[in-house]
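Asks: Provide a 3D model corresponding to the input given below.
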Amino acid sequence: MTDQPHRTHQAHEGFTPEQIDTSRPHPARMYDYYLGGSDNYEVDREAAERLMRMAPDVRASARANRDFLGRAVRTVVGELGIRQIIDVGTGIPTSPNTHELARAEAPDARVVYVDNDPIVSVHADAKLTGAGNAEFVLADAREPEAVIGHPAVRELIDFGRPVALLLVAVLHFVKDEEDPAGLVSALGGALPPGSCLVLTHGTSDFHEEQRVKEGTDVYRNATAQVSLRSHAEVLSFFDGWDLVDPGLVQLPLWRPDGPVPGPGELRRVALYGGVGLKH
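Replies: The predicted structure is shown next:
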């Protein structure tokens, strides 16, 4: 019997249920499981559990990533005044979603969600696009022209006004040979001055080499492999952007709205994050 997700959904127009790959784990569905969600398959849960046994910190990193998203969206909308967001690699919707965070600051905020997983599209119909001024686009971040040029993106986003581009926990699923820097440049190049880049990325800077290898091996059979990068490598993705304070840091250190974790707890968060302003 084909494994079914915890919830039942209707197929999204434009693809068939057979196109939803349940034979290999998908990073978006694994991430949903890390966050305690139920929109995942057995193959995703098995891979996630295997990774958490080898690297228990992955769940802490996922939660830190989610918390960073909230603070970053509140900053770009509430402080920097941006009213348009393109959220690339949005993953399984988890409330508060980007449009909910943005509209808490500005009710007129517009959001386009982008992901390459058909099941995310199914969830998007139910949870993301029913509130108005929100759209979902089934597209791959590795094809930036298809993202920026998509009719739904062009209809909702005014590229004559600043846009916040979200690449949250996305680029570590883009291999070096797929040119992640070129991807950022192509997406960011379509945006006017005053736009923002919100980016988080996994790193191996805080764990032993063998532990990192065991963790990345879990993703080898997934629909996307993981490429962890150093602080300097992640920083290079912000070329052409002015980092806002406090720069590129471990996620809990980026404008914390609560107590700052101690060194031991901080080492568990293997992601960097930052927000850049286009000059």
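Asks: Now residue 138: closest residue in space that isn't a chain neighbour?
Replies: residue 121 (4.9 Å; Cβ to Cβ, 6 or more residues apart in numbering). Using the backbone N, CA and C atoms, a C-beta is placed for each residue, glycine as well.
Asks: Count the residues that sit near residue 31.
Replies: 22 (other Cβ atoms under 10 Å).
Asks: need the contact list for residue 111.
Replies: 84, 85, 86, 87, 98, 99, 102, 128, 133, 134, 135 (Cβ atoms under 8 Å, 6 or more residues apart in numbering).
Asks: In contact with residue 273, which residues?
Replies: Residue 273 neighbours (Cβ under 8 Å, 6+ apart): 65, 68, 72, 168, 198-201, 248-251, 254.
Asks: Out of the contacts of residue 111, which is nearest to residue 236?
Replies: residue 86 (21.3 Å; Cβ to Cβ).
Asks: correct me, but the closest one touches residue 165?
Replies: Yes - using Cβ atoms under 8 Å, residue 86 makes contact with residue 165 at a distance of 5.4 Å.
Asks: list residues touching both of these two?
Replies: Contacts common to residue 86 and residue 165, judged by Cβ under 8 Å, 6+ apart, are residue 187.
Asks: Show me the helices in the protein, by range?
Replies: Applying DSSP state H to the chain gives helices spanning 27-34, 42-54, 57-74, 98-105, 118-127, 144-148, 151-156, 180-189, 209-218, 231-236, 263-266.
Asks: Out of the ones you listed, the one nearest residue 92 is which?
Replies: Closest among the helices of the chain, using Cβ to Cβ: helix 27-34, at 3.9 Å.
Asks: relative orientation of that closest one and helix 118-127 in degrees?
Replies: Counting by axes from the mean of the first three to the mean of the last three Cα atoms, to 10 degrees, helix 27-34 lies at 60 degrees to helix 118-127.
Asks: Among the contacts of residue 273, which one sits closest to residue 270?
Replies: Out of those, the member with the shortest distance to residue 270 (by Cβ to Cβ) is residue 250, at 8.4 Å.
Asks: Name the nearest residue to the closest one, ignoring sequence neighbours.
Replies: residue 269 (5.4 Å).
Asks: what pLDDT does that neighbour get?
Replies: If you check residue 269, the pLDDT there is 90.
Asks: residues near it, how many?
Replies: As a burial measure, residue 269 scores 24 neighbours (other Cβ under 10 Å).
Asks: Was I right to think it contacts residue 252?
Replies: Yes - counting by Cβ under 8 Å, residue 269 touches residue 252, with 5.8 Å between them.
Asks: Now for the two: what residues contact both?
Replies: Shared contacts of residue 269 and residue 252, defined by Cβ under 8 Å, 6+ apart, are found at 64, 261.
Asks: roughly how far apart are residue 188 and residue 239?
Replies: 9 Å (Cβ to Cβ, to the nearest Å).
Asks: Of these two, which one has the most company?
Replies: Between residue 188 and residue 239, residue 188 has the larger neighbour count (other Cβ under 10 Å), namely 22 against 11.
Asks: what about the more buried one, distance to residue 86?
Replies: 10 Å.
Asks: any residues in contact with both of those two?
Replies: Common neighbours of residue 188 and residue 86 are listed as residue 165 (criterion: Cβ under 8 Å, 6+ apart).
Asks: show me where pLDDT drops low in the stretch 101-250 of the chain?
Replies: Along the stretch 101-250 of the chain, the model assigns pLDDT under 70 to residues 125-126, 128-131, 207-224.
Asks: Mind doing that once more with 90?
Replies: 116-133, 173, 204-227 (pLDDT under 90).
Asks: That concludes my questions; thank you for your assistance.
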